[in-house]
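J.: 3D model of this:
(one chain, ligands or ions: 1)
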Amino acid sequence: MNNLKKDVEKFLHDFTCEYYLYGSGQKQAIELAPIYEKYRYLFTKDTIDSIPPEERKLRGFLISYYLGEKTSSQNEEISRKKSEKRFYIDEHEITYSRLHVLLNNLPLREERERLFKLKVEFVNKELNPIYAELLQKVYETIREFPYGRYYEYLTRIQNIDFEYYKNVFSSFLKDTQEIYTHHMNKQLLMQLGISLNSAAVYDIYYLFRGKEYDYKFKSNYLVDFLKEFLLNLGIDLSKQKNVILDLEERPTKSPRAFCAPCEIPNKVYLNVLPQGGYRDFETVLHEMGHTQHFAHTSCTLKMEDRYLGDMGLSEVYAFLFQYLLTDPVFVEYYFDIYGEDLEHFIRSVILSRLYIVRRYIGKFNFEIWLHKTEDIENAPEIYEKELHKALFIKTFKELYLEDLDLDFYSANYLRAWFAEASLSDFLKTKFGKKWFINKKAGELLKELWFEGKRWQIEEMLSEVTGRPFDIAPLTDTFKRYLKIV
Ligand SMILES: [Zn+2]
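T.: Below is the predicted model of the structure:
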């Protein structure tokens, strides 16, 4: 068993390094096949069957890769179709990934609609049959293991009571419905001249593109800001030998920041290509949250408590950093936005946060229904219904599988969003509104990070705050900044 765990760690090292080298533009192609080949024995039915049920995290990890292997031909076909696809718009040739960038920046509504419908048509015709085949394969394959359906497997392997969360999240939807509809309607009318009930999903990309205050988030301030922000928490980035901040410019480097924990805690890469703008700062802070979590993890923890387990836990720390950008005290302190500008800015970023939480609740409700019934045929209608119940805008039922994250990742994000608000409330109560410049708050975070992924989100919360999972702190945050006057 010990050798097997060592091999899992080596596999994760090779896999993450390859991902880092490709994403940072140091390799032109990602070569994962030889890595899988080298560790093939890990992901076989025999190996998985030999692991006792009490090794829940390890079994879950190996089974998810086993499922990945069984569906690799579908996954490859989907990637191939996406990368080969070209849309033709007014004599311009546009790739699939470029289409998304364009959609975020089109001021003309008819243009957004036209482009989005091209995407929907492509997904529906070309990808949906393969997505459906892939999902069917997952449902069938999981029956090789003694868990029952995919839904029961996820419940047991992740040790999460999804029904409980479904109820909790439903009451959040009810609780925030009035402020959501009121403020979304107002914002849409003000910025795009359309009301909430006539808005569609392609309008939202444009509504929240967040360009208005970009001049306050300059690319040449990003690195200095990061260093100062961490130093104020008692973390000296220049002395962190295990954190490698990759700032080098390379032609094929990913402009989107990402964290690659090649070896936890000894070698954690943070890939950054400063672009400037609110969204860039937000992503970098998020990834810095992951980076500090992994870099402060105790090296004496078992492999599974450093690498495996609750995927949502590290997201809590990432969101804690990211959502400082929705805290007026923080934004005023680091970005010199004041008075009415500050109020306007905060209202807009908080509203986009509420939108995304509600969207994920809609997604999660749909996913629960789908995995419980395994009824792929009737799924498009349920997807559309659940999203509408959460968002009150036009969505496209054809995207029901394109929008699906396997393994209930939607639930991880949701639990993390609510837990982040509890943790941030706790820090404010204990260290004051400016907790982010208090070294004692930094000490407390380091103590949490030291525990790696040993806890589930709920355990971490009760350990720190002495209270169980609670939706009130996030609900109150939205109500505080989105008053109806
Ligand atoms: Zn993350």
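J.: What pLDDT is listed against T95?
T.: In this prediction, T95 carries a pLDDT score of 89.
J.: where does the residue nearest to it when sequence neighbours are not counted fall, phi/psi-wise?
T.: Once flanking residues are discounted, T95 sits nearest to R86: 6.5 Å by Cβ to Cβ, 6 or more residues apart in numbering. (C-beta placed from N, C-alpha, C; glycine too.) Main-chain torsions, R86, degrees, to the nearest 10: phi -130, psi 130.
J.: And for L207?
T.: Given degrees, to the nearest 10, the pair of backbone angles that L207 has is phi -60, psi -40.
J.: Which residues are in contact with it?
T.: 187-188, 191-192 (Cβ atoms under 8 Å, 6 or more residues apart in numbering).
J.: Repeat the analysis, applying 10 Å as the threshold.
T.: Contacts for L207 (Cβ atoms under 10 Å, 6 or more residues apart in numbering) come out as 184, 187-188, 190-192, 194, 199, 348, 351-352, 355.
J.: what sits against D7?
T.: With contact taken as Cβ under 10 Å, 6+ apart, D7 is in contact with 38-39, 41-42, 47, 303.
J.: Helices along the stretch 101-250 of the chain, start to end?
T.: 109-122, 128-141, 150-158, 162-192, 201-207, 222-232 (DSSP state H, counting those that start in this stretch).
J.: quick one: contacts of the first one?
T.: Surrounding helix 109-122, the residues in contact under the criterion Cβ under 10 Å, 6+ apart are 81-82, 85, 87-90, 94, 96, 99-100, 102-106, 108, 128, 192-194, 199-203, 205-206, 394, 396-399, 402.
J.: Of those, which belong to strands?
T.: Secondary structure defined by DSSP state E assigns 87-89, 94 of those to strands.
J.: and N167, how many residues sit next to it?
T.: 10 (other Cβ atoms under 10 Å).
J.: Ignore what I typed, I meant I484.
T.: Counted by other Cβ under 10 Å, the residues lying close to I484 total 9.
J.: With adjacent residues omitted, what lies nearest to it?
T.: I484 sits nearest to H182 (Cβ to Cβ, 6+ apart), 5.3 Å away.
J.: circling back: as a markdown table, the helices of the stretch 101-250 of the chain with distance to the ion and mean pLDDT would be great.
T.: Output for these, formatted as a markdown table (distance: least, Cβ to the ion, whole Å; pLDDT from 0 to 100):
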| stretch | distance to the ion | mean pLDDT |
| --- | --- | --- |
| helix 109-122 | 25 | 94 |
| helix 128-141 | 23 | 97 |
| helix 150-158 | 17 | 95 |
| helix 162-192 | 19 | 96 |
| helix 201-207 | 20 | 92 |
| helix 222-232 | 17 | 97 |
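J.: Among those helices, single out whichever gets nearest to Y65.
T.: helix 128-141 (11.9 Å; Cβ to Cβ).
J.: if you average pLDDT over stretch 210-217, what comes out?
T.: Here the average pLDDT along stretch 210-217 is 86.
J.: So what would you say the end-to-end distance of it is?
T.: Start-to-end span of stretch 210-217 (Cα to Cα, to the nearest Å) is 11 Å.
J.: buried stuff in it?
T.: Using 16 or more other Cβ atoms under 10 Å as the test for burial, stretch 210-217 gives 210, 213-214, 216-217.
J.: quick one: which of the contacts of D7 sit in helices?
T.: 38, 47, 303 (DSSP state H).
J.: As PDB, could you dump the C-alpha coordinates of stretch 450-470?
T.: Output in PDB follows, covering the C-alpha atoms of stretch 450-470 (Å, rounded to 0.1, in the frame of the first residue of the first chain):
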ATOM      1  CA  PHE A 450      -0.600  23.500   7.600                       C
ATOM      2  CA  GLU A 451      -3.400  20.900   7.800                       C
ATOM      3  CA  GLY A 452      -3.400  20.400   4.000                       C
ATOM      4  CA  LYS A 453      -6.400  18.600   2.800                       C
ATOM      5  CA  ARG A 454      -6.900  16.600   6.000                       C
ATOM      6  CA  TRP A 455     -10.300  18.100   6.700                       C
ATOM      7  CA  GLN A 456     -13.500  18.400   4.700                       C
ATOM      8  CA  ILE A 457     -14.800  22.000   4.400                       C
ATOM      9  CA  GLU A 458     -17.400  21.400   7.100                       C
ATOM     10  CA  GLU A 459     -14.700  20.100   9.500                       C
ATOM     11  CA  MET A 460     -12.400  23.100   8.900                       C
ATOM     12  CA  LEU A 461     -15.300  25.500   9.600                       C
ATOM     13  CA  SER A 462     -16.200  23.900  12.900                       C
ATOM     14  CA  GLU A 463     -12.500  23.600  13.800                       C
ATOM     15  CA  VAL A 464     -12.000  27.400  13.300                       C
ATOM     16  CA  THR A 465     -15.300  29.000  14.000                       C
ATOM     17  CA  GLY A 466     -16.800  26.400  16.300                       C
ATOM     18  CA  ARG A 467     -19.900  26.500  14.200                       C
ATOM     19  CA  PRO A 468     -21.400  24.100  11.600                       C
ATOM     20  CA  PHE A 469     -21.900  25.000   7.900                       C
ATOM     21  CA  ASP A 470     -24.200  28.000   7.600                       C
END
